[in-house]
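> Sequence first, predicted coordinates after that:
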Amino acid sequence: MTKIRFGILGSGYMGRTHAEAILRLGDQAALVAVAGGSRAPGLAQRYGIAVEPTAEALIARGDVDAVIVTTPHHLHTDATVLALKSGKHVLVEKPLATSVEDCDRMIAASIGAKRVLATGYHQRFRPNNSETRRLIQSGAIGKVETIQVSMPAQQPVGVSSFGSDWSWWNDPASIGHMINAFPHAIDLLRWCLSAEITTVSAFCRTTLPGIKVEDTTMALAEFSNGTISSLYASRALPTAPFPNETFRCRFVGTTGLIDLDPYDELRISEPAGWRLVKKQPPVGHESVDTAFADARMQAYRDQMAAFITAIRGEEPPPGVTRVGTGQDGRVALVVCLAMLASSRDRRWVELAPKNAR
């Protein structure tokens with residue numbers, strides 16, 4: 001089987017994450033080159049690959065079949081469109097882009113070039129999350145009536161233990177924190193419910209001093225199947241987040257409950273009481289040793305394998321998760337921008353039919 005040869009745009013935390021994912025695929029994939037960011041030469045040296053001076057140079061390489069885009073949000077579009085038109089398949093880290101118009105440009109380029117455009121929704125590949133979807137789809141808790149989503153975080157801006165500079169999060173071109181956090185939750189809920197968000201309302205705030213972008217949002221969403229959900233995301237906590245609340249989803253059905261922590265335990269409440277369904281091995285983000293260990297990398301490795309399956313035009317085996325599409329990326333951005341509009345205009349926002357699958 002021919003290897004899919006990859007180039008990576010962006011050399012930060014997520015650039016290295018995808019490099020590690022490709023490395024773990026063995027004979028399925030090869031990492032060829034990297035471009036972009038001050039750490040590109042170091043990343044190239046670490047993995048024994050080429051470093052290119054520009055995105056254009058990387059995309060022009062004849063030995064690159066697919067490109068992974070891990071640059072700041074507002075830089076996704078032009079590179080993605082160029083790569084697609086150059087005959088490369090592309091996986092873009094969420095959010096897909098910062099405007100719906102840019103999403104549409106990317107999707108149109110994918111269709112025109114007959115190349116795969118994927119969105120990086122690695123949460124689909126966490127074991128607890130895929131089991132939650134299976135439970136919900138099987139009717140294990142009846143019809144899902146309500147969902148609570150909590151995503152609190154201490155601000156990451158500054159230099160972390162990975163040598164990463166997150167100050168671009170404060171750039172108004174990146175819109176705000178919600179389009180970095182909520183796409184994971186939006187995609188996970190759509191995927192678990194097989195339903196679309198039809199109406200949103202939200203309060204969006206900037207609580208950290210000295211910045212001009214949203215850092216905290218409390219939102220409500222209604223789905224096409226009648227399910228309603230609350231969603232909370234903030235990077236403005238003054239101390240470490242609440243224990244086991246980095247990403248927590250609580251589903252209330254007509255016959256039972258599901259308590260989902262993608263990074264720890266999945267539990268279900270039935271007439272006989274609560275029981276443990278699945279436990280994710282500890283996923284650490286606190287140091288290089290834990291962030292790039294197998295427990296975290298499993299989801300990214302499996303996502304990359306699913307991307308390769310899509311590139312080859314193959315159907316995944318039954319029960320195997322599909323990679324997020326460009327349309328999946330567009331949907332999440334539409335929802336996030338609708339939440340910002342709801343807060344700005346102090347009104348509910350009804351989403352257009354085009355936002356559906």
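Sure, I can see it. Numbers count the residues shown, from 1 in each chain.
> thought residue 343 was touching residue 204?
Yes: counting by C-beta atoms under 8 Å, residue 343 touches residue 204, with 3.9 Å between them. No exception for glycine: its C-beta is placed from N, CA and C like everyone else's.
> that's a strand at residue 187, yeah?
No: under DSSP: H, G, I helix; E, B strand; the rest coil, residue 187 sits outside any strand and is assigned helix.
> Now do the contacts for it.
The contact partners of residue 187, taken as C-beta atoms under 8 Å, 6 or more residues apart in numbering, are 94, 119, 121, 123, 124, 324, 328, 331, 332.
> before we move on, the earlier item: give the residues shared as contacts by residue 343 and residue 204.
residue 217.
> mind checking which helix or strand residue 106 is in?
Here residue 106, judged by DSSP states H and E, is contained in helix 100-113.
> what comes into contact with that helix?
76-77, 80-81, 84-85, 87, 90, 92, 96-97, 116-117, 326-327, 329-330, 333-334, 337.
> can you list contacts of stretch 129-149?
123-124, 185, 188-189, 191-194, 225-232, 248-258, 260, 262, 266, 268, 277-278, 321.
> Alpha carbons of it, in CSV - could you do that?
Provided in CSV are the C-alpha atoms of stretch 129-149 (Å, rounded to 0.1, in the frame of the first residue of the first chain):
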residue,chain,number,x,y,z
ASN,A,129,-16.7,10.0,23.3
SER,A,130,-17.1,7.3,20.7
GLU,A,131,-18.7,5.0,23.4
THR,A,132,-21.0,7.9,24.4
ARG,A,133,-22.2,8.2,20.8
ARG,A,134,-22.8,4.4,20.6
LEU,A,135,-24.9,4.5,23.8
ILE,A,136,-27.0,7.4,22.6
GLN,A,137,-27.5,6.0,19.2
SER,A,138,-28.5,2.7,20.7
GLY,A,139,-31.2,4.3,22.9
ALA,A,140,-29.4,3.4,26.1
ILE,A,141,-30.8,6.5,27.9
GLY,A,142,-33.9,7.0,25.7
LYS,A,143,-34.4,10.3,23.9
VAL,A,144,-31.8,12.9,25.0
GLU,A,145,-33.7,15.9,26.4
THR,A,146,-31.0,18.2,27.7
ILE,A,147,-27.2,18.4,27.7
GLN,A,148,-24.8,20.5,29.9
VAL,A,149,-21.3,21.3,28.5
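> which parts of it are buried?
Residues 129, 130, 131, 132, 133, 135, 136, 140, 141, 144, 147, 149 are the ones in stretch 129-149 that count as buried (16 or more other C-beta atoms under 10 Å).
> Then stretch 314-333?
Using 16+ other C-beta under 10 Å as the test for burial, stretch 314-333 gives 321, 323, 324, 325, 326, 327, 328, 329, 330, 331, 332, 333.
> likewise stretch 268-275?
For stretch 268-275, burial by neighbour count (16+ other C-beta under 10 Å) applies to 268, 269.
> what's the answer for stretch 105-112, then?
Quick answer for stretch 105-112 (16+ other C-beta under 10 Å): 105, 106, 107, 109, 110.
> what's the answer for stretch 81-90, then?
For stretch 81-90, by 16+ other C-beta under 10 Å, it's 81, 82, 83, 84, 86, 88, 89, 90.
> List the contacts of the fourth one.
This points to residue 84. By C-beta under 8 Å, 6+ apart, the residues touching residue 84 are 90, 106, 109, 110, 112, 113, 115, 117.
> distance of the residue lying closest to residue 10 once chain neighbours are set aside from residue 135?
Excluding the flanking residues, the one nearest residue 10 by C-beta to C-beta, 6 or more residues apart in numbering is residue 70, at 3.5 Å. Look at residue 70 and residue 135: by C-beta to C-beta, to the nearest Å, they are 32 Å apart.
> check contacts around the residue positioned nearest the centre of the chain.
Taking C-alpha atoms, centre = their mean, the centroid of the chain lies closest to residue 121, which sits 3.5 Å from it. Taking C-beta under 8 Å, 6+ apart as the criterion, residue 121 is in contact with 94, 183, 184, 187, 188, 303, 323, 324, 328, 329.
> Confirm for me that the last one is in contact with residue 93.
If I follow you right, that is residue 329. No: using C-beta under 8 Å, residue 329 makes no contact with residue 93, being 9.7 Å away.
> From residue 218, how far off is the residue nearest to residue 245 when sequence neighbours are not counted?
Nearest residue to residue 245 in three dimensions, chain neighbours excluded: residue 150, at 5.3 Å (C-beta to C-beta, 6+ apart). According to C-beta to C-beta, residue 150 and residue 218 sit 10 Å apart.
> Which of the two has more residues huddled nearby?
residue 150 (19 against 16; other C-beta atoms under 10 Å).
> What strand or helix carries the more buried one?
Per DSSP H and E: residue 150 is located in strand 144-154.
> what about the strands in the stretch 151-300 of the chain?
Secondary structure of the stretch 151-300 of the chain (DSSP state E, counting those that start in this stretch): strands at 197-205, 216-223, 228-237, 248-253, 257-260, 265-270, 273-279.
> now those as TSV including distance to residue 173 and mean pLDDT?
Output for those, formatted as TSV (distance: least, C-beta to C-beta, whole Å; pLDDT from 0 to 100):
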stretch	distance to residue 173	mean pLDDT
strand 197-205	17	98
strand 216-223	19	98
strand 228-237	17	96
strand 248-253	30	98
strand 257-260	33	98
strand 265-270	37	97
strand 273-279	39	97
